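Colleague: what's the 3D shape of this:
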Amino acid sequence: MKVGLMAIFKNETMGIREWINHYQWQGVDNILLINNDSTDDWKEKIKGIKNLTIKEGKKKFAQEYYYNKFGLPWCKEHDIDVLIVLDLDEYLFCKNKKNIKENLEDIFSKPDHPSEILVNWTMFGSNGYVKQPQSIRKSFTMKRNGIHKLTKAILWVKDVIEFKIHSHVVKGKSVKMPVIFKLNHYAIQSKEFFKKVKMTRGAADTIKHNHVRDLNYFKRYDFKDRQDVQLKELVEKHEKLI
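Modeller: Have a look, this model is predicted:
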């Protein structure tokens, strides 16, 4: 079973390599990134990374369009069975002792498997960082209580009818598996990242979201209800082994 990952990005030089490394560690076989007219030095950050495809998509507010233009043809070309669709500020991982691919193999090898697995966001704040730290996963540990209503998806490719953003149009059933999967969403990160990237690049999905990311947005999303070090500790444990 081959697992793929698709995302659209713009000006993600501060985190792109950590994000790719995270998913390769988690067993993802191939990654498709759609460059939405970046102006930073992201190409330098991805040098030497294998099993990575870059497609160019310069249109504004065309996230769904590019998912559908590139997604299924790329999956077919790379024999992808299961596709994860995320953004570069979203880190999916598993709460049991298996990585993402191992869990997906368990789930999708069963004859009654779902067409789509939906995972709700867990929202994280800035931890008071002004400058962007070296590691997103190990630095941003203060979060909002509970989970967000919005989700991202893991898809059985043969059942995909149309790509959307949060959930997709599929032939079969959609399910949630919160016992296994967790999706950390680092929506604001540091003030440096927010001001240089989030406030200036515009939205990928719709013009409605193009001007909402101001400092008031930063304050609203600077969650600090409680500390959550689950992913941080998983990463540190892995780093000790390599």
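Colleague: shaky segments in the protein?
Modeller: Applying pLDDT under 70 to the chain flags residues 203-211.
Colleague: need the helices for it, in chain order.
Modeller: Assigned by DSSP state H, the chain shows helices spanning 16-25, 42-45, 63-77, 100-108, 136-139, 191-193, 215-220, 230-241.
Colleague: and the fourth one, how far out from the chain middle?
Modeller: Put plainly, it is helix 100-108. Helix 100-108 sits 18 Å away from the centroid of its parent chain (CA atoms, centre = their mean, to the nearest Å).
Colleague: how about stretch 64-84: buried residues?
Modeller: For stretch 64-84, the buried set under the neighbour-count rule, 16 or more other CB atoms under 10 Å, comprises 64, 66-72, 74-75, 80-84. All C-beta spots, glycine's among them, are computed from the backbone N, C-alpha and C.
Colleague: out of those residues, the closest to I8 would be?
Modeller: Y66 (5.9 Å; CB to CB).
Colleague: not counting its neighbours along the chain, what's nearest the closest one?
Modeller: G57 (4.1 Å; CB to CB, 6 or more residues apart in numbering).
Colleague: quick check: that neighbour touching N35?
Modeller: Yes: the criterion here is CB atoms under 8 Å, and G57 meets it with N35 at 6.8 Å.
Colleague: backbone torsions only: list them for the residue at the greatest distance from the centre of the chain.
Modeller: Distance to the chain centre peaks in the chain at P111, reaching 27.4 Å (criterion: CA atoms, centre = their mean). Main-chain dihedrals, P111, degrees, to the nearest 10: phi -70, psi -30.
Colleague: and the strands in this protein?
Modeller: 3-9, 30-35, 52-56, 82-85, 90-94, 116-123, 142-143, 151-156, 160-162, 169-170, 174-176, 181-185, 226-227 (DSSP state E).
Colleague: how about those strands in JSON lines, adding distance to V235?
Modeller: Listed next are the strands of the chain as JSON lines, based on distance: least, CB to CB, whole Å:
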{"stretch": "strand 3-9", "distance to V235": "18"}
{"stretch": "strand 30-35", "distance to V235": "19"}
{"stretch": "strand 52-56", "distance to V235": "20"}
{"stretch": "strand 82-85", "distance to V235": "18"}
{"stretch": "strand 90-94", "distance to V235": "9"}
{"stretch": "strand 116-123", "distance to V235": "16"}
{"stretch": "strand 142-143", "distance to V235": "16"}
{"stretch": "strand 151-156", "distance to V235": "20"}
{"stretch": "strand 160-162", "distance to V235": "31"}
{"stretch": "strand 169-170", "distance to V235": "32"}
{"stretch": "strand 174-176", "distance to V235": "25"}
{"stretch": "strand 181-185", "distance to V235": "11"}
{"stretch": "strand 226-227", "distance to V235": "15"}
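Colleague: and these: which comes nearest E239?
Modeller: strand 90-94 (14.4 Å).
Colleague: and the angle from the closest one to helix 16-25?
Modeller: 20 degrees (axes from the mean of the first three to the mean of the last three CA atoms, to 10 degrees).
Colleague: quick check, N68 in contact with F163.
Modeller: Yes: shown here, N68 and F163 form a contact pair, counting by CB under 8 Å, at 5.0 Å.
Colleague: give the residues shared as contacts by those two.
Modeller: Counting by CB atoms under 8 Å, 6 or more residues apart in numbering, N68 and F163 have no contacts in common.
Colleague: got a list of what S190 touches?
Modeller: S126, Y129, V130, K131, Q132, P133.
Colleague: brilliant, that's me finished.
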